[in-house]
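Engineer: Quick one: sequence plus predicted model below, questions after.
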Amino acid sequence: MLFNSYEFIFLFLPVTFFVYFYLNKKRLTEAAKGWLVFSSLFFYSWWNINCLPLILGSILFNYVVGRSLYQYSDTEKKGLISRKTILFFGIVLNLSLLGYFKYVDFFIENINYAFNTQISFLNLTLPLAISFFTFQQIAYLVDSFRQETEEYDFLNYAVFVLFFPQLIAGPIVHHSEMMWQFSNIRKKAKNYRNIATGLFIFSIGLFKKSVIADSFSEWVADGFDVAETLNLFEAWATSLSYTFQIYFDFSGYADMAIGAALLFNIKLPINFNSPYKALNIQDFWRRWHMTLSRFLKEYVYIPLGGNRGGSFRTYNNLLATFIVGGIWHGAGWTFFFWGFIHGMAIVINRLWHLTSIKLPAVVAWFITFNFVNVAWVFFRAKEWDDAVKVLTSMFSLDNVVFPGMLKNKLYFLNEYGIEFGGFLTNIQGESPVQIWLLILFLIVLLVVLLIVTFSHNSNSMAVNLRLNSKFILLSSALLGVGIMFISKGSEFLYFNF
């Protein structure tokens, strides 16, 4: 079920909300948690009920392993099996499940290419949210091994994994930051400030997704998937469209998740903090998909050795961590390369800081933003050729094309190889109406850039929220406009990861 759907907004969310607090009011707290689990399973099954046994099996398996890890001290063993062996077994099984569904066809493809074989693809359907609930449960197993978890009731564990606001695409949460909230008696009664704030954040997220992200999606699809060639302006319009589409799509999802959870008095961790304001690539990753960055740091980078063992090993650990992050997003060499270039950028950024040279803030922002924009091309491209098509057009002056209507006024540019006409042929045609739409699009793009760069984000707005008539008007407007655009809605991009 999609957050940006009528059935979620008008049926699922209100019914789940009212039944949950009714049960809590009657002091049926276990029944209330059971209702959340049931509702979340219904929410998940709406997409594909065939995936239900998989997620239930994963939850049961990790609950048993986690309980075993916590019950025995470092010096004790369960029979002949040490705690480290149990942890290793649990992590391997989780990664094997993820690898089987997500990477087996990619592995077969490369085996066929390398050895000229004809192994058939399995063509498995990727289970919804498998990357997120796998990482979340791996973190739970490691925390259990470290004796950092205390709650081992199966119903509570099921709520921790399945809680519907964060189930599909995060944020990736720790057991310790969630379970105390479900046990806190003060959170079992309706909190009207939380309800108002939650609806406000949810409305911002819905607006981001339905109005902004989905509007950019048509340009992205045409540029990457349809057009065989692109001119300079089309290529930049395509790349920038995706840069803003993925931000507003994913941060919109995160806002809706945080807002929906807050209705139930549950505070999820922030996942975005104005990432396009970053002045260097390290700052960007402190702001973008923050819970994934936290996971990679705590469960990949630090176990590899972190910054221990000298600079060379630190740089290798950083590079390996970002490659893991790239592959986590998808089975393809474009994702591998996307992770690799971000890892290299982090290494270069660290080396740059050793020089003590400080760039002006505007220059630092410009370099960071454009690096991220270029890197997103590899993230979005389905094939290498798609990435090459967009990037070569972005940085080539041999394909500059202006609208035909400007030919009489700018005819002298012909001497410099500038062409006129066919301005939008590779994307959506070049009628006068479409040209003006492109101009409007570029204006909107500039406005969006200014908004994400200089304005407050939804989380900082919520902190300083005043429940007055202006707030009600703004929330209603955002929610109303977002609902109006639902009819043209689409899946969230991170459902594919």
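Structural biologist: Nice, I can see it.
Engineer: my guess is Tyr315 is in a helix, correct?
Structural biologist: Yes - under DSSP: H, G, I helix; E, B strand; the rest coil, Tyr315 sits within a helix.
Engineer: I'd like the distance from it to Phe335, if you could.
Structural biologist: Taking Cβ to Cβ, to the nearest Å as the measure, Tyr315 falls 21 Å from Phe335. (Each C-beta comes from the backbone N, C-alpha and C, glycine too.)
Engineer: And these two? Which one has more around it.
Structural biologist: Ranked by neighbour count (other Cβ atoms under 10 Å), Tyr315 and Phe335 place Phe335 first, with 21 against 18.
Engineer: who touches the more buried one in this structure?
Structural biologist: Gly326, Ile327, His329, Phe378, Phe379 (Cβ atoms under 8 Å, 6 or more residues apart in numbering).
Engineer: Provide a list of residues in contact with the closest residue to Ala158 other than its chain neighbours.
Structural biologist: Take Ala158 and drop its neighbours on the chain: the residue closest to it by Cβ to Cβ, 6 or more residues apart in numbering is Val37, 4.8 Å away. By Cβ under 8 Å, 6+ apart, Val37 lies in contact with Leu155, Ala158, Val159, Leu162.
Engineer: Tell me the spacing between the second one and Ile59.
Structural biologist: What it means is Ala158. Distance from Ala158 to Ile59, by Cβ to Cβ: 6 Å.
Engineer: just the last one next, same as before
Structural biologist: For Leu162, the distance to Ile59 under the criterion Cβ to Cβ works out to 7 Å.
Engineer: for Gly34, same thing?
Structural biologist: For Gly34 relative to Ile59 (Cβ to Cβ), the value is 14 Å.
Engineer: Please apply the same query to Glu218.
Structural biologist: For Glu218, the distance to Ile59 - Cβ to Cβ - is 38 Å.
Engineer: Then Ile49?
Structural biologist: 16 Å.
Engineer: Give me the more crowded residue out of these two.
Structural biologist: Set Ile49 next to Ile59 and count neighbours by other Cβ under 10 Å: Ile59 wins out with 19 against 11.
Engineer: those strands in the chain, which residues are they?
Structural biologist: Ranges of strands within the chain are 401-402, 419-420, based on DSSP state E.
Engineer: in this structure, what spans have low per-residue confidence?
Structural biologist: Counting by pLDDT under 70, the chain shows low-confidence ranges at 73-80, 151-152, 400-468, 487-489.
Engineer: which one of the contacts of Phe335 sits closest to Tyr103?
Structural biologist: Using Cβ to Cβ, Ile327 is the member of the contacts of Phe335 that lies nearest Tyr103, at 7.9 Å.
Engineer: The closest one against Thr334, yeah?
Structural biologist: No - with contact defined as Cβ atoms under 8 Å, Ile327 does not count as touching Thr334 (10.8 Å).
Engineer: Which neighbours do those two have in common?
Structural biologist: If you check Ile327 and Thr334 against Cβ under 8 Å, 6+ apart, no residue is contacted by both.
Engineer: okay, now Glu298: neighbour count?
Structural biologist: 14.
Engineer: Then Val161?
Structural biologist: Count around Val161 with other Cβ under 10 Å applied: 25.
Engineer: what separates it from Lys187, distance-wise?
Structural biologist: 19 Å.
Engineer: ok, residues contacting stretch 52-62?
Structural biologist: Residues contacting stretch 52-62 (Cβ under 8 Å, 6+ apart): 41, 44-45, 90, 93-94, 97, 127, 129-130, 133-134, 137, 140-141, 157-158, 161-162.
Engineer: Quick check: buried residues in it?
Structural biologist: Neighbour-count burial for stretch 52-62 flags Leu54, Ile55, Ser58, Ile59, Asn62 (criterion: 16 or more other Cβ atoms under 10 Å).
Engineer: cool, and stretch 118-132?
Structural biologist: Applying 16+ other Cβ under 10 Å to stretch 118-132 flags Leu126, Pro127, Leu128, Ala129, Ile130, Ser131, Phe132 as buried.
Engineer: try stretch 150-159
Structural biologist: Applying 16+ other Cβ under 10 Å to stretch 150-159 flags Asn156, Tyr157, Ala158, Val159 as buried.
Engineer: Kindly report the same for stretch 260-270.
Structural biologist: In stretch 260-270, counting by 16+ other Cβ under 10 Å, buried: Ala260, Ala261, Leu262, Leu263, Phe264, Asn265, Ile266, Leu268, Pro269, Ile270.
Engineer: likewise stretch 481-490?
Structural biologist: Gly482, Ile483, Phe485, Ile486, Gly489.
Engineer: One more: stretch 349-359?
Structural biologist: In stretch 349-359, counting by 16+ other Cβ under 10 Å, buried: Asn349, Arg350.
Engineer: what's the distance between it and the middle of its chain?
Structural biologist: 29 Å (Cα atoms, centre = their mean, to the nearest Å).
Engineer: which residues are contacting it?
Structural biologist: With Cβ under 8 Å, 6+ apart as the criterion, stretch 349-359 contacts Asn280, Ile281, Gln282, Thr314, Tyr315, Leu318, Ile367.
Engineer: which one of the buried residues of stretch 118-132 sits closest to Leu296?
Structural biologist: So of the buried residues of stretch 118-132, ranked by how close each gets to Leu296 (Cβ to Cβ), first place is Ser131, at 12.7 Å.
Engineer: now the buried residues of stretch 150-159 in TSV, with distance to Leu493?
Structural biologist: TSV is the format used below for those (distance: Cβ to Cβ, whole Å):
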residue	distance to Leu493
Asn156	31
Tyr157	29
Ala158	28
Val159	27
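Engineer: mind listing which of these are in helices?
Structural biologist: Counting by DSSP state H, these place Asn156, Tyr157, Ala158, Val159 in helices.
Engineer: distance of the residue lying closest to Asn280 once chain neighbours are set aside from Asp386?
Structural biologist: Computed as Cβ to Cβ, 6+ apart, the closest residue to Asn280 that is not its neighbour in sequence is Asn349, at 5.3 Å. Asn349 sits 28 Å away from Asp386, going by Cβ to Cβ.
Engineer: Please name the residues that touch Ala331.
Structural biologist: Lys102, Tyr103, Asp105, Phe106.
Engineer: so the last one makes contact with Gly332?
Structural biologist: Which is Phe106. Yes - in this structure, Phe106 is within contact of Gly332 by Cβ under 8 Å, at 6.5 Å.
Engineer: Which neighbours do those two have in common?
Structural biologist: Shared contacts of Phe106 and Gly332 (Cβ under 8 Å, 6+ apart): none.
Engineer: Distance to Gly309 for the buried residues of stretch 118-132 - can I get that in CSV?
Structural biologist: Shown next, in CSV, are these (distance: Cβ to Cβ, whole Å):
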residue, distance to Gly309
Leu126, 37
Pro127, 38
Leu128, 39
Ala129, 36
Ile130, 33
Ser131, 30
Phe132, 31
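Engineer: got the contact list for Ile302?
Structural biologist: Ile302 touches nothing, counting by Cβ under 8 Å, 6+ apart.
Engineer: and it, how far is that from Asp225?
Structural biologist: 39 Å.
Engineer: Likewise for Leu93?
Structural biologist: Counting by Cβ to Cβ - Leu93 and Asp225 are separated by 36 Å.
Engineer: who's more crowded, the two?
Structural biologist: Counted by other Cβ under 10 Å, Leu93 and Asp225 do not tie: Leu93 has more neighbours, with 15 against 12.
Engineer: Excluding chain neighbours, what is closest to the more buried one?
Structural biologist: Per Cβ to Cβ, 6+ apart, closest to Leu93 is Phe61, 6.8 Å.
Engineer: If anything else comes up later, I'll come back, but that's it for now.
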